[in-house]
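K.L.:
show me the folded form of this:
(2 chains)
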Amino acid sequence: MKTGRITKWALGLALAGAVALTAGMAQAQLKIAFVYVTHVGDAGWTYQHHLGRMAMEKALGNKIKVTTVGPVKEGADAERVIRKLAASGNKLIFTTSFGFMNPTLKVAKRYKKVTFVHVSGYKRSKNVSTVFARLYEGRYLTGMVAGMMTKSNVLGYIGAFPIPEVIRGINAFTLGARAVNPKVQVRVIWVSSWFNPGKERQASETLIAQGADVITHHTDSTAAVQAAQARKKFAIGYHSDMSKYGKTAHLTAATHIWGSYYTKVAKAVLAGGWKAGDTWGGLKDGMVALAPFGPSVPAKVQAMVKKRQAEIRAGTFHPFQGPVKDQSGKVVVPAGKTMADGPMLGMKYYVEGVVGKLPKK
Amino acid sequence: MRIKLEPRVAASKWMSYGSPAIAAVLTIFFGAILFASLGRDPVQGLYIFFIEPLTGLYELGELGLKATPLAIIAIGLAVGFRANVWNIGAEGQLVMGAICGGGVALAFHGQGGWWVLPLMIIAGAAGGMAWGAIPALLRTRFNANEILVSLMLTYAAVQILGWLVHGPWINPEGQNFPETRTFEEWALLPELIEGTRLNVSAIFALVVVFAGWIFMTRSFAGFKVNVVGQALDAAKYAGFSQNKVVWVSFLIGGGAAGLAGLIEVTGPIDQLNATFAPGYGFAAIIVAFLGRLHPVGILFASLLMALTFLGGESLQINMNMPKAVTGVFQGMLLFFVLATDVLIRYRIRVVSRTPAATGEAG
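P.N.:
Residues are numbered from 1 along each chain as shown, chains lettered A, B, ... in the order given. Now for the predicted structure:
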């Protein structure tokens, strides 16, 4: 690699020469780093970040140089890895798991000239931005698909942990399903893990045994889709297009799309104009998308969902627009109003149509 | 002609020092092949793995930070392993120590003082001991297998931690994410070297090494532990209680693991969350054997183990190697170190297949 370093120097010198000669606009290469919490794999949370990274590299070519590290544990190791990345010349660092929040802030304090973006957290600073996706928009649309495809009127939902983000997804899914089929019930099983294919599979089997004929999940593996395929039921994927795990079962998926956001930040940092802040982007920002419909989804259903998607994009429809009732029948959003971001971020109740109670604290 | 492993009459003194050197040579040789086969510069790869993580004050601090809990847990476990008492659940005892110690910090939130940290340290060690006492009790009372019980209790401890950080101990200002408040200034271990994350726990580790050495080689209780482990019948004949040794093993092992857990959460993490558990409870089992169950050996083994973690990260950051490759390399290193230890008790002999030669052998 000595030679590699020399080539890099030579390249750098040549580049500098070229710049001097043409007095052009060429900039130094921006070093960008990603910290992943799991292996990239071929579906799931980290895989979507990987796709985002690839899209950014495609858009910006050799203006950037990307390093990825992972899986990194969300404990004491994270701070060291992030710091090392900052110390080794990376000027833009994406940390892509909730548990990296405090370590990111600690390192950012010391490396003030480095731009940090933390995915899914809520603490920010002068050089730490946060970003997350309004996935509930996708959940609502997939709920519509499920509501129209079910014959048993029972939908199954596998949740990781009862935190507002997951509850919001369950509620949006339920609202979408009941908007097209008021008889629908949603049954939830919590597996207390973000990634546990065994438990997710078992939960899928239980939901199917309880009568669910469409299941979806807020967990990281493809187990639910595979279970549905094996049982000749339907499934809706999450994070990634999981159609290759359920050729006939996979109806669609609510997916995260990070490429356009990553490219935007990288471009702004290259131009020296990125300002830290929070981004909570949805369908219209290109940060949430539905995976292509599976062969089992009739054209009529597709058309209805696409129409609603266009309305959400245009801002004429909001998944949590009134009237929304909670399980006890209490109106939480009156007709004519839509829920503000604050209450959505702190959501701690089920809407009407979800069976069972939230786990007690 | 074939190669044969022959037991030595006595353990080879020479080999007990020589085997790590052989392991180093083998690791460097096969590591170089691994890197070269991936199209990377082997010299640079080895440099980045072994040397780069030692080239700065911050980096050395990180090495100490990582080695500290490993050394503390491994010494605690070594006491039991010497007596053939198999505590595989140090990870659970570590989590329980973190819960009890961290709980003290949370209980006195906003009204603490200098006395909180010592209280946390005691609570941490006590929590780990209490969790270790369960398999000890079940083993001595009902002869339940301590390997299974201690291992399974690890999962129980992790679930209790999950329940606490999702429920009663959740940070009221944390937007419902599963984590506690961050600890206040007086609940954090003081830094040892400015600008690094190394804290006073490194001194605890050295104290534990010394205490472990005294216990294992200079105390009567340590002698009983060794006898029970090496010759149970002799121990019984001498009137040493095997049950007492089980208790001593689990209380020391659990206490050490609990202390390590507390150190982890009040040092680099400064809060409890559902995912902090670092896996040190399991890694320390390897460290204990790597250090040949001797406190000083364990100190070096913990530093080596810490280096393999840091080196693995460096390979990823500086050479863009995938984590799987760094894992293979770490595994190779540990394999060679443990495997060459066989040469201490055995020697390699090349023997001829012909019957005549067998007759001459002697």
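K.L.:
domains of chain A?
P.N.:
Following automatic domain parsing, chain A resolves into domains at A:27-133, A:135-256+A:288-355.
K.L.:
ok now do the residue nearest the centre of chain A, which residues does it touch?
P.N.:
Centroid-nearest residue in chain A, with C-alpha atoms, centre = their mean: A:His256, separated by 3.8 Å. Going by C-beta atoms under 8 Å, 6 or more residues apart in numbering or on different chains, A:His256 touches A:45, A:48, A:133, A:135, A:239, A:287-288. Placement of C-beta: from N, CA and C, glycine included.
K.L.:
low-confidence stretches in the stretch 251-361 of chain A?
P.N.:
For the stretch 251-361 of chain A, residues meeting the criterion pLDDT under 70 lie at A:360-361.
K.L.:
let's see it at 90
P.N.:
Applying pLDDT under 90 to the stretch 251-361 of chain A flags residues A:273, A:322, A:346, A:348, A:356-361.
K.L.:
rewinding a little: ok, and the closest non-adjacent residue to the residue nearest to the centre of chain A?
P.N.:
Leaving aside its chain neighbours, A:His256 sits nearest to A:Gln48 (4.4 Å; criterion: C-beta to C-beta, 6 or more residues apart in numbering or on different chains).
K.L.:
same deal with A:Met54?
P.N.:
The shortest distance from A:Met54 to any non-neighbouring residue, by C-beta to C-beta, 6+ apart, is to A:Gly259 (7.4 Å).
K.L.:
possible to save the domains of chain A as a markdown table with distance to B:Ala125?
P.N.:
Formatted as a markdown table, those follow (distance: least, C-beta to C-beta, whole Å):
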| stretch | distance to B:Ala125 |
| --- | --- |
| domain A:27-133 | 19 |
| domain A:135-256+A:288-355 | 28 |
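K.L.:
of all those, which one is nearest B:Trp14?
P.N.:
Nearest of these to B:Trp14, taken as C-beta to C-beta: domain A:27-133 at 38.4 Å.
K.L.:
phi and psi next, for the residue nearest to A:Lys109 when sequence neighbours are not counted.
P.N.:
Excluding the flanking residues, the one nearest A:Lys109 by C-beta to C-beta, 6+ apart is A:Ser125, at 7.4 Å. The phi and psi values for A:Ser125, taken as degrees, to the nearest 10, are phi -150, psi -170.
K.L.:
tell me how many other residues crowd A:Ser125.
P.N.:
By other C-beta atoms under 10 Å in any protein chain shown, the residues close to A:Ser125 number 13.
K.L.:
now B:Trp115
P.N.:
Applying other C-beta under 10 Å, I find that B:Trp115 has 10 neighbouring residues.
K.L.:
likewise for B:Gly113?
P.N.:
For B:Gly113, using other C-beta under 10 Å, the count is 8.
K.L.:
tell me which helix or strand it sits in.
P.N.:
Secondary structure assignment for B:Gly113, by DSSP states H and E: no helix or strand.
K.L.:
wait, doesn't it sit right on B:Trp186?
P.N.:
Yes - if you go by C-beta atoms under 8 Å, B:Gly113 and B:Trp186 touch, sitting 6.3 Å apart.
K.L.:
write out the residues of chain A neighbouring chain B.
P.N.:
By C-beta under 8 Å from any C-beta of the partner chain, the residues of chain A that approach chain B are A:1-2, A:4, A:33, A:39, A:67-71, A:73-77, A:79-81, A:83-85, A:88, A:98-99, A:102, A:122, A:161-164, A:192, A:345-346, A:348, A:361.
K.L.:
quick one: which of these sit in strands?
P.N.:
A:33, A:67-69 (DSSP state E).
K.L.:
and these, which is closest to chain B?
P.N.:
Minimum distance to chain B across those is 4.7 Å, recorded for A:Val69 (C-beta to the nearest C-beta).
K.L.:
in contact with the closest residue to the closest one other than its chain neighbours, which residues?
P.N.:
Nearest residue to A:Val69, sequence neighbours excluded (C-beta to C-beta, 6+ apart): B:Gln316, at 4.7 Å. Neighbour list for B:Gln316: A:68-70, B:322-323, B:326 [criterion: C-beta under 8 Å, 6+ apart].
K.L.:
which pLDDT value goes with B:Gln316?
P.N.:
Here, the pLDDT recorded for B:Gln316 equals 90.
K.L.:
try the one 3 residues further on
P.N.:
pLDDT for B:Met319: 89.
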